[in-house]
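Undergrad: sharing a sequence plus its predicted fold:
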Amino acid sequence: MIRFDNVSKTYPKQNRPALDNVSLEIEKGEFVFLVGSSGSGKSTFLRLILREERPSIGEVHVLGKDLAKLSNWKVPQMRRQLGTVFQDFRLLPNKTVGQNVAFALEVIGKPRSVIGKVVPEVLELVGLAGKQDRMPGELSGGEQQRVAIARAFVNRPMLLIADEPTGNLDPQNSVGIMKLLDRINRTGTTVLMATHDQAIVDQMRKRVIELDQGHLVRDQSRGVYGYQH
Amino acid sequence: MRAQFVMSEIGIGLRRNLTMTIAVVVSVALSLALAGAALLLRDQVSTMKGYWDGKIEVSVYFCNKTDANQGSVNKNCAAGAATQNQIDSVQAQLEKTGLIEKIYTETPAQALSEYTKQDPNNPLLASLTPDSMEYSLRIKLKDPQQYQIITGMVGGQPGVMKVEDQSQVLKPLFNLLNGAQVVALVVMGIMLAVTLLLIVNTVRVSAFSRKRETGIMRLVGASNYYVQMPFIAEAAFAAVVGAILASGMLAVGKYLLIDRFLRNQIQLINFIGWGPVFQVMPLMLVLGVGMSSIAAFLTLRKYLRV
């Protein structure tokens, strides 16, 4: 699903690489936590997968494709098989919940009939049945993140990338979101989640990848957040 | 392509950016109207050239008896009336050049009768005799532009009183029209540059204010086409409105200035009809839409990286 081969990434005008010789593989259907302090290289790791950045050295393979060999115009096709969720939800405030989810389908040219069918389905899956016509501003943080997850998942991606999805939520809402991500993972979608949330990582007991100053310092199945090796 | 979705995105973009959109529309309209006016001026000049060029004649006037008394005014005529030999010699020289299409001769008697016909009530007529009129050669040239050669060749010959080029009368008018065309083109150039800068800035602001949308579009895998289309369509739409306004401005201008004013003031001149005006309109539309779409596209390449 995802493979990093000796990947380093150095941004221009920076001495220390953001990622330094990272190699790892994530299999289809896995649930993986990506942990590490700020500046550890988590964001760069995710941006490389989304091909928002290219590695300075090494190869990144996503969904079986070498991203370096993927031409620019094929990048949108590749991204359609990925779903992305962020800490700040990134909803469109002037569109309803339903329109926000539909937007993801409209901009890739899905026909209206398909949109009308799958949007209510995915909203029900994330637990927002009946809230299709609400505006994002009327919803709680947890509900807004559910909308964002619905939007990321409506296209049934092979891989869901979540960058601190619970970072803005209280513990109770966070648990709800984690349950939802777990359910999505059980449908066969690979989930890669970057987080600072120790309680969640400890509780879920999934694979944990830890980065520190750009180095891969831990890759442990059924790990916890604070493990010291 | 979901047309309805794209249309609604365009509508949202235009409304959100209303003041900028209006500025773009107005400046597109002004620069296109100037471009159109310059084209029409060119048409006007060629219409007039065609009209006058057919009639241009160089006239060579020979000395008559009366001129001899005014020797101080024209030295060529000090010897009195031009002899038939002198006239024949000039005519032979002219014919040898090969520049002449036809030479009409006008004797003093013919000149007097022509003069009488033109203005039968002139009190001067009573005092005029054929002796006071000039013998003249009226020359039609193969190429009207070459009148200067004729002037230079026969101007100083004995017996020739003066050589007159009818096109001299029109020169200032042509200069004026050509000048107006240059001014219109220069002002158009400046307006066009301003318009392009305005479009670039508008697209940039528009792209910036929709950063969130375009960011989401990229993440969910919208193609470049889908991401950029609304912006380009917005610019093109503003250009279409601008071109329509410019067409209206040209039509009103042509009606008020030419049909209502100039045609009554100057009856001698052929003015352009509606044909060239209608030809210029689609040209302005194509120019406006092409220009703003390309400007938008190039701006997006810089500010909307996919």
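TA: Okay, I see it. Since the model is a prediction, treat every value here as computed from it, not as a measurement.
Undergrad: and chain B, is stretch A:80-93 touching that?
TA: Yes: Stretch A:80-93 is in contact with chain B by Cβ under 8 Å from any Cβ of the partner chain, via A:80-82, A:84, A:90, A:92. For every residue, glycine as well, the C-beta is placed using N, CA and C.
Undergrad: just the buried members of those?
TA: Using 16 or more other Cβ atoms under 10 Å in any protein chain shown as the burial test, the residues of stretch A:80-93 next to chain B include A:80, A:82, A:84, A:90, A:92 as buried.
Undergrad: grab the longest helix from the chain for me.
TA: With no chain named, the answer covers chain A. Assignment by DSSP state H gives helix A:171-186 as the longest helix of chain A.
Undergrad: actually, chain B is the one I wanted.
TA: Chain B, longest helix under DSSP H: helix B:171-209.
Undergrad: quick check, pLDDT for the residue in the stretch 1-150 of chain B positioned nearest to chain A.
TA: For the stretch 1-150 of chain B, the residue closest to chain A is residue B:5, as judged by Cβ to the nearest Cβ, at 4.7 Å. On pLDDT, residue B:5 comes in at 75.
Undergrad: same check on residue B:107?
TA: At residue B:107, pLDDT is 85.
Undergrad: all strands of the chain, in order?
TA: No chain was given, so I picked chain A. A:2-9, A:19-26, A:31-35, A:57-62, A:65-66, A:82-86, A:159-163, A:190-194, A:207-212, A:215-220 (DSSP state E).
Undergrad: chain B, not that one
TA: B:58-62, B:100-106, B:136-141, B:160-165.
Undergrad: of these, which stretch is the most buried?
TA: Each of these was assessed for mean neighbour count using mean count of other Cβ atoms under 10 Å in any protein chain shown. The highest is strand B:58-62, with a mean of 23.
Undergrad: send the alpha carbons of the helix-or-strand element of chain A with minimal mean pLDDT over as PDB?
TA: In chain A, the helix or strand scored least confidently by mean pLDDT, DSSP states H and E is helix A:198-204, which has a mean of 89. Extracted in PDB, the C-alpha atoms of helix A:198-204 (Å, rounded to 0.1, in the frame of the first residue of the first chain):
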ATOM      1  CA  GLN A 198      -1.300   9.500  23.900                       C
ATOM      2  CA  ALA A 199      -4.500   8.100  25.400                       C
ATOM      3  CA  ILE A 200      -5.900   7.100  22.000                       C
ATOM      4  CA  VAL A 201      -2.700   5.300  20.800                       C
ATOM      5  CA  ASP A 202      -2.400   3.500  24.100                       C
ATOM      6  CA  GLN A 203      -6.100   2.400  24.000                       C
ATOM      7  CA  MET A 204      -6.200   1.300  20.300                       C
END
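Undergrad: need the residues that contact that helix.
TA: Residues outside helix A:198-204 that contact it (Cβ atoms under 8 Å, 6 or more residues apart in numbering or on different chains): A:31, A:33, A:35, A:166, A:171, A:174-175, A:178, A:182, A:195, A:208, A:223-226.
Undergrad: which parts of it are buried?
TA: A:200-201, A:204.
Undergrad: which one of those residues sits closest to chain B?
TA: Closest approach to chain B among the buried residues of helix A:198-204 (Cβ to the nearest Cβ): residue A:200, at 23.4 Å.
Undergrad: show me the shaky parts of chain B.
TA: For chain B, the stretches with pLDDT under 70 are B:1-2, B:49-57, B:68-75, B:118-119, B:144, B:166-170, B:267-269, B:304-306.
Undergrad: show me the helices in it, by range?
TA: Taking DSSP H as the criterion, chain B contains helices spanning B:3-16, B:18-53, B:65-68, B:84-97, B:108-118, B:147-154, B:171-209, B:211-219, B:224-253, B:263-265, B:274-303.
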